[in-house]
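Undergrad: take this sequence and fold it.
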Amino acid sequence: MEAARRDPHAFEALYRKYVAQVYSFALYELRNPHAAEDLTAQVFLRALAGLSEFREQGAGDESSFRVWLFQICRNSISNERRRQRRHPEAPLDTVLDHAAPDDVAERAADRQELARALAAIYALPADRRRALVLRFVHEMSAREIGQVLGKSESAVRVTIHRALRQVTEQLRQPRGPAH
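TA: Next up is the predicted model:
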């Protein structure tokens, strides 16, 4: 941090350490790889510009910079959503193709289950969805999530519990007829 404050070129180490996490969070929220890339770049530009004002929270707290980045990202996502409401665009379908079984029927069933799970997560209220993503994708603690979302640690735990319960209930509901 101190080296990056003195020399903007030293910021590259911080960028490399956190870029994938910030991009992943933006992708989960925006569901568009191109928008997530653009937003990630904006987050790091804002962080670099505001680096002189950033202050570590607590002695030895290595994650406070990460929390600060995620706060910038959350605010940037809110700004992007406002922009999208004012200037809607036709969304492009994105496909996340992970290593899948060789069996086409099994691959299709896996994709249907993944789509169902993602649909249940995306149907959650924004605070619950964000809490789940930060906890299970970015492996943040309840304290860190609370700092990012502006909630207490106990409120984060309740939010995650309710989100998991809601997703579980949604996935237990019988599927509709096949089309």
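Undergrad: let me know the pLDDT of the residue lying closest to Tyr15 once chain neighbours are set aside.
TA: What sits nearest to Tyr15 in space, not counting adjacent residues and going by CB to CB, 6 or more residues apart in numbering, is Phe44, at 5.6 Å. Yep, even glycine has a C-beta here, placed from its N, CA and C like the rest. In this model, Phe44 is scored at 91, pLDDT.
Undergrad: now do the one 10 residues further on
TA: In this model, Phe54 is scored at 79, pLDDT.
Undergrad: in the helix or strand where Arg165 lies, what's buried?
TA: Assessed by DSSP states H and E, Arg165 sits inside helix 153-172. If you call a residue buried by 16 or more other CB atoms under 10 Å, then helix 153-172 has these buried ones: Ala155, Val156, Arg157, Thr159, Ile160, Ala163, Leu164, Gln166, Val167.
Undergrad: so the last one makes contact with Tyr122?
TA: By that I understand Val167. No: using CB atoms under 8 Å, Val167 makes no contact with Tyr122, being 10.2 Å away.
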